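> just coords:
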């Protein structure tokens, strides 16, 4: 690890510290809820972040999440190339959730829709109808 | 419990079953992430829901969440009267998050702001600036 790497690591650690977040113990990890929306305020997806994935998000400018099922950090688009570039970040009043405005390359949902929330629920039956075009 | 209560309970249980959700084990509870936005797509807040709080949300048409810190269901606005009336619901591709379009009475944040996400984070320092007017 070179001096520059240490600088970067410490610097982003300091930024995260200044953010004064309340990571919550979930499945024995310290996590917060991250929500990604586009500049038109469309909600693209939500997932968890741990401190390290947040640091990597800030460092690279690209959304990184923590997968509780795979127990690892993943960069959105690492396989699909549909990365999410961070534009703005908002913290909620409890400090346990972050709202990211992102520039989405391609589409957010692995099923090929712009948003992961493409299933509209019928409140009378609970059944879903797919909305939005499949882009993939 | 009268026949009508049983009918309602079973009916909403059936609706939730049809929604085909993947509640996730978080802090020994089965929870999913709920996001509330208004009809202008402003993200108001996020919190967890368990199956029972979802049923109560569907039954009453008013947002109910599950508090992991207080270990109980709470209705948004039960004290402040700033309730959230459900207009539409969207399920994400994994079925472990729900997006609710709501009609917010008053404001969503207990600090008196319309949205809980009223702290804009400076990406260079991690410090926050409050945005939006305090309505309370």
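Arrived safely. Note that the structure is predicted; figures quoted are calculated from it, not measured. Numbers count the residues shown, from 1 in each chain, chains lettered A, B, ... in the order given.
> so which residues of chain A form helices?
Taking DSSP state H to define them, one finds helices in chain A at A:3-18, A:51-60.
> so residue A:121 makes contact with residue B:16?
No. In this structure, residue A:121 is not within contact of residue B:16 by Cβ atoms under 8 Å, at 10.2 Å. To be clear about C-beta, it is placed using only N, CA and C from the backbone, and glycine gets the same treatment.
> neighbour count: these two, which is higher?
residue A:121 (23 against 18; other Cβ atoms under 10 Å in any protein chain shown).
> skipping adjacent residues, who's closest to the more buried one in space?
Closest residue in space to residue A:121, ignoring its immediate chain neighbours: residue B:89 at 4.2 Å, by Cβ to Cβ, 6 or more residues apart in numbering or on different chains.
> how close does that neighbour get to residue B:102?
10 Å (Cβ to Cβ, to the nearest Å).
> same question for residue A:55.
On the measure of Cβ to Cβ, residue A:55 and residue B:102 end up 33 Å apart.
> which of those two has more residues huddled nearby?
Applying other Cβ under 10 Å to residue A:55 and residue B:102 shows that residue B:102 carries more neighbours, namely 24 against 20.
> so that one touches residue B:63, yeah?
Yes. Contact status for residue B:102 versus residue B:63: in contact at 6.1 Å, counting by Cβ under 8 Å.
> quickly list what's touching both of these two.
Both residue B:102 and residue B:63 are in contact with B:36, B:84, B:86, where contact means Cβ atoms under 8 Å, 6 or more residues apart in numbering or on different chains.
> make CSV out of these and add pLDDT, neighbour count and distance to residue B:10.
Formatted as CSV, the shared contacts of residue B:102 and residue B:63 follow (pLDDT from 0 to 100; neighbours: other Cβ atoms under 10 Å in any protein chain shown; distance: Cβ to Cβ, whole Å):
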residue, pLDDT, neighbour count, distance to residue B:10
B:36, 98, 24, 27
B:84, 98, 26, 25
B:86, 98, 18, 20
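> closest to residue B:48 out of those?
Of all these, residue B:48 sits closest to residue B:36, with 12.3 Å by Cβ to Cβ.
> where does residue A:6 land on pLDDT?
Listed pLDDT for residue A:6 reads 55.
> quick check: the spatially closest residue to residue A:118 that is not a sequence neighbour vs residue B:35, distance?
Nearest non-adjacent residue to residue A:118, counting by Cβ to Cβ, 6+ apart: residue A:132, 4.7 Å away. Distance of residue A:132 to residue B:35, computed by Cβ to Cβ: 17 Å.
> quick one, strands of chain A?
A:24-26, A:29-37, A:43-49, A:64-67, A:72-75, A:84-91, A:97-104, A:119-121, A:128-130 (DSSP state E).
> tell me which of those strands sits nearest to residue B:128.
Per Cβ to Cβ, nearest to residue B:128 of those: strand A:84-91, 5.7 Å.
> buried residues in the closest one, which are they?
Applying a neighbour-count criterion of 16 or more other Cβ atoms under 10 Å in any protein chain shown, one finds A:84, A:85, A:86, A:89, A:90, A:91 buried in strand A:84-91.
> same thing with stretch A:115-126?
For stretch A:115-126, a neighbour-count test (16+ other Cβ under 10 Å) marks A:115, A:116, A:117, A:118, A:119, A:120, A:121, A:126 as buried.
> over to stretch A:58-67?
In terms of neighbour count (16+ other Cβ under 10 Å), stretch A:58-67 has its buried residues at A:58, A:62, A:63, A:64, A:65, A:66.
> list the contacts of the first one.
Contact criterion Cβ under 8 Å, 6+ apart gives A:12, A:15, A:16, A:86, B:123 as the residues in contact with residue A:58.
> could you do the second one as well?
Under the criterion of Cβ under 8 Å, 6+ apart, the neighbours of residue A:62 are A:75, A:76, A:77, A:83, A:84, A:85, A:86.
> any idea which of the residues you listed is closest to chain B?
Nearest to chain B among these: residue A:86, at 7.3 Å, using Cβ to the nearest Cβ.
> show me what the closest one is bridged to.
With DSSP bridges as the criterion, residue A:86 is bridged to residue A:102.
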